[in-house]
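**Student:** Structure for this input, please:
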Amino acid sequence: MLKTPIPEAEALKLSPMSLAFVGDAVQALYTRTRVTVGSTIKTAALHKEVTQVVKAVSQAKEADFIIPSLTPVEWDVFRRARNSKVLTSAKHAEQGEYRKASGLEAVIGFLFLTGNEQRLDYVLSAAFDEAQKLQEKD
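**Tutor:** Numbers count the residues shown, from 1 in each chain. Next up, the predicted model:
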């Protein structure tokens, strides 16, 4: 966890894409840890499993699952990131999926930076579990 969380008001002043930048790293580390601990799978297979969770297409579906449980502040963070003007896009995702993924990442980054550990754990766990369910369907 972050040694010294920043106040919510300060986090809200950051650009939505900065929050998403942090959130992407936090979700990737969380997912890597979840798939690695207790596993005997080789690293290449672990990497494949992680990328299935943290790629934009999956994150967009995870976001659809999580959106109904967002608090008003989290929804605002999500909406701001989703609506940000971005010049890049994900390789294998449509623009709408990329925007939703950015929204989810921004919420994760916001929760991490503000030190809201319980809520962060809920969002990360829910996203991971939803991604696992989606993988089982495919």
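**Student:** Check the offset of stretch 25-33 from the chain's centre.
**Tutor:** For stretch 25-33, the separation from the chain centroid amounts to 9 Å (computed by C-alpha atoms, centre = their mean, to the nearest Å).
**Student:** Ignore what I typed, I meant stretch 10-23.
**Tutor:** That offset, for stretch 10-23, works out to 12 Å (C-alpha atoms, centre = their mean).
**Student:** Stretch 4-11 too?
**Tutor:** 19 Å.
**Student:** Ends of that stretch, what's the gap?
**Tutor:** This stretch, stretch 4-11, spans 13 Å end to end (C-alpha to C-alpha, to the nearest Å).
**Student:** Could you look up the SS state of the residue lying farthest from the centre of the chain?
**Tutor:** Computed with C-alpha atoms, centre = their mean, the residue of the chain farthest from its C-alpha average is residue 40, at 25.5 Å. At residue 40 the chain is in coil, as set by DSSP: H, G, I helix; E, B strand; the rest coil.
**Student:** ok, which stretches of this structure are helices?
**Tutor:** Secondary structure of the chain (DSSP state H): helices located at 8-13, 16-36, 43-54, 56-66, 72-82, 95-113, 117-137.
**Student:** Of all the ones you listed, which one comes closest to residue 2?
**Tutor:** helix 95-113 (6.3 Å; C-beta to C-beta). Placement of C-beta: from N, CA and C, glycine included.
**Student:** average model confidence for the closest one?
**Tutor:** Average pLDDT, helix 95-113: 94.
**Student:** For this protein, give me the ranges with low pLDDT.
**Tutor:** Within the chain, the ranges that satisfy pLDDT under 70 run 1, 86-91, 138.
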